[in-house]
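When you get a sec, could you give me coordinates for this:
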Amino acid sequence: MARQLNSPTTKEKIIQVVMNIIAQDGFQNITIRKIAAQAGVNVAAVNYHFGSKDAVINEALETVTNQLKNTFKYLRESNGSGETKLAIFINNYTDILIKYPDIIKNMIYHQIYHRQIDEQIGYVKFLRTEGIEIIKQTIGQIRPELDDKSLYLRTLHLLSCISFPILMGEQIEEIMGVDLHNREIRQMHAGTLLENACRRDG
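Numbers count the residues shown, from 1 in each chain. Sure, this is the predicted structure:
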């Protein structure tokens with residue numbers, strides 16, 4: 001019988017399952033057997049489509065990093081005001097990192113201990129070559145009076161303040177009583193980030 005229109009292929013289903021495991025349990029808890037069980041397929045099907053656990057993890061990571069890259073697309077292509085674009089970017093970017101915290105942790109780990117850009121952290125290359133500049137230019141639309149150094153610093157502060165709570169995980173709630181999984185709290189956090197990025201000096 002033909003596959004229903006818009007229903008996922010076996011390969012797509014496996015990738016989604018791996019993304020769900022990364023979101024809920026982290027990289028360390030991924031096994032081929034767990035993937036197969038949650039996808040409703042046998043182990044042979046996972047090996048047939050991907051060949052190895054690392055290969056399926058890399059493809060799932062690429063899917064998530066493409067989601068992150070797409071948050072920059074709105075900054076680059078939208079005709080909205082700089083402030084509106086930045087607000088939407090902050091919310092969307094934070095939502096993805098909150099859902100997949102191991103992505104940012106893995107990326108930073110590889111940068112600190114391996115100093116390499118491979119398939120798992122190709123997003124770092126995107127940040128270096130495009131992403132940082134896109135944020136800087138957006139802040140520059142809002143504050144055209146700022147020089148390049150000030151714009152880069154604001155970009156650094158914005159990305160750091162988004163990433164640090166993700167790296168700290170549950171400790172943020174334990175120490176500060178702030179749960180960024182709560183959407184209302186997350187929106188308050190995003191509002192503060194936007195205010196700091198757009199503030200007037202002096």
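
What score does Ser81 have for pLDDT?
We have a pLDDT of 93 for Ser81.

I meant to write Arg33 there.
We note a pLDDT of 91 for Arg33 in this prediction.

Quick check: nearest residue in space to it, chain neighbours excluded?
Excluding the flanking residues, the one nearest Arg33 by CB to CB, 6 or more residues apart in numbering is Val43, at 6.3 Å. Just so you know, the C-beta spots here come from the backbone N, C-alpha and C atoms, and that holds for glycine as well.

List the residues that contact that neighbour.
32-33, 36 (CB atoms under 8 Å, 6 or more residues apart in numbering).

Highest neighbour count among those residues?
Ala36 (18 neighbours; other CB atoms under 10 Å).

In what element of secondary structure is it found?
helix 32-39 (DSSP states H and E).

Show me which residues of the next helix or strand after that helix are buried.
Sequence-wise, the next helix or strand downstream of helix 32-39 (DSSP H and E) is helix 43-50. Counting neighbours by 16 or more other CB atoms under 10 Å, one finds that the buried residues in helix 43-50 are 45-46, 49-50.

And stretch 145-158, by the same measure?
146, 151-152, 154-155, 158.

residues touching Asn79, list them.
So Asn79 contacts nothing (CB under 8 Å, 6+ apart).

I'd like the distance between it and Arg33.
49 Å (CB to CB, to the nearest Å).

what about this structure, any weak spots by pLDDT?
Along the chain, the model assigns pLDDT under 70 to residues 1-7, 110-121, 202.

quick one, helices of it?
All helices of the chain, identified by DSSP state H, fall at 10-25, 32-39, 43-50, 53-77, 82-99, 101-113, 122-126, 132-142, 148-168, 170-176, 183-198.

residue contacts, Leu167?
Contacts of Leu167 by CB under 8 Å, 6+ apart are 101, 104-105, 108.

Export the residues you listed to TSV and append columns for distance to Leu194 and neighbour count.
As requested, these are arranged in TSV below (distance: CB to CB, whole Å; neighbours: other CB atoms under 10 Å):
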residue	distance to Leu194	neighbour count
Pro101	22	19
Ile104	20	18
Lys105	25	17
Ile108	24	15
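
Show me the domain layout of the protein.
1-51, 61-198 (automatic domain parsing).

now the shortest one, how far from the chain's geometric center?
Spelled out, it's domain 1-51. 21 Å (CA atoms, centre = their mean, to the nearest Å).

How about stretch 40-56?
With CA atoms, centre = their mean, you get 25 Å for stretch 40-56.
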